[in-house]
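Chemist: show me how the following folds:
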Amino acid sequence: MTPTLPQRIPRSFFLEADVLQASNKLLGHILATSIGGIVARGRIVEVEAYRGSDDKACHAYGNKRTPRTEVMFGQGGHAYVYLCYGIHHLFNIVTGPAGQADAVLIRALEPLPCSHGHMLKRRGMEKVQKRLTAGPGMLSQAMGITTALSGADLAAADSPVWLEWGSALPTETAIARSPRIGVGYAEECAAWPWRFTIKQSPWLSR
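Modeler: Predicted structure coming up:
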């Protein structure tokens, strides 16, 4: 019997108008990539929400359009990848209708066993441990994600990065909220509890 292939999550899933709800909904689903013929998968366990209209921590704050953030103004379901400190490639998923400029940063993954070998090689590690994918820069390296994927359509059948339905989604009581990490510059917005995590996951960034 031919095994059933994992089903890609369709466009409609990413069109949630409330970026906080969109962030909640992403937890437990599977982020997948196919880079250089290598497929890698990880379960999303930590995310942060960013809202373009009024969030001073968001690159598109005040709905400001720049060449880098233009992808954020597109339809939900596209990748927004940017370089942090000139080193780390940070992967975000644009959510909501076109023109809204909201995005969710994927901060940590639980690496699936089928992907351990490839992830370890990309990270230059010998054994599976928390720092394999417990941080946005680390997970991008493990998954083969770079800024070259910014603008990729996660809902396209031929996309090298996509989401698959998770089989173990957290209940509402299993999700914790807290302030986002590293956004102290964002004044009052820095205290907003827009970081969402699966409680007790050993793969959280902190």
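
Chemist: what ranges does this structure have for its strands?
Modeler: Using DSSP state E, the strands of the chain run over residues 30-35, 38-51, 79-84, 88-95, 102-111, 161-164, 175-178, 195-198.

Chemist: neighbouring contacts of the last one?
Modeler: Applying CB atoms under 8 Å, 6 or more residues apart in numbering, the contact partners of strand 195-198 are 23-24, 27-28, 45-49, 107-108, 170, 174-181, 204. Backbone N, C-alpha and C define where each C-beta goes, glycine included.

Chemist: buried members of those residues into PyMOL, please.
Modeler: Buried residues among those (16 or more other CB atoms under 10 Å), as a PyMOL selection:
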select buried, resi 23+24+27+28+45+46+47+48+49+107+108+170+175+176+179+180+204
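
Chemist: bridging residues for the spatially most central residue of the chain?
Modeler: Among the residues of the chain, the one closest to the centroid is Ile106, at 2.6 Å (CA atoms, centre = their mean). Per DSSP bridges, the residues bridged to Ile106 are Val47.

Chemist: re the thing from before, can you put the strands of the chain in a markdown table and add distance to Arg122?
Modeler: Converted to a markdown table, those look like this (distance: least, CB to CB, whole Å):
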| stretch | distance to Arg122 |
| --- | --- |
| strand 30-35 | 9 |
| strand 38-51 | 8 |
| strand 79-84 | 16 |
| strand 88-95 | 12 |
| strand 102-111 | 11 |
| strand 161-164 | 15 |
| strand 175-178 | 29 |
| strand 195-198 | 24 |
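
Chemist: out of those, indicate the one that is most buried.
Modeler: Mean neighbour count (mean count of other CB atoms under 10 Å) peaks for strand 102-111 among the strands of the chain, with a mean of 26.

Chemist: by contact count, what packs against that one?
Modeler: helix 19-26, strand 38-51, strand 88-95, helix 136-143 (3 or more CB pairs under 8 Å, 6 or more residues apart in numbering; DSSP states H and E).

Chemist: out of the ones you listed, flag the one nearest Ser115.
Modeler: strand 38-51 (4.3 Å; CB to CB).

Chemist: how far off centre is that closest one?
Modeler: With CA atoms, centre = their mean, to the nearest Å as the basis, strand 38-51 stands 4 Å off its chain's centre.

Chemist: ditto for stretch 136-154
Modeler: Centroid separation between stretch 136-154 and its chain, computed with CA atoms, centre = their mean, is 9 Å.

Chemist: so which bits of that stretch are buried?
Modeler: Using 16+ other CB under 10 Å as the test for burial, stretch 136-154 gives 136-145, 147, 149-150, 152-154.

Chemist: hang on, the earlier thing: doesn't Ile44 make contact with the residue nearest to the centre of the chain?
Modeler: Yes. If you go by CB atoms under 8 Å, Ile106 and Ile44 touch, sitting 6.0 Å apart.
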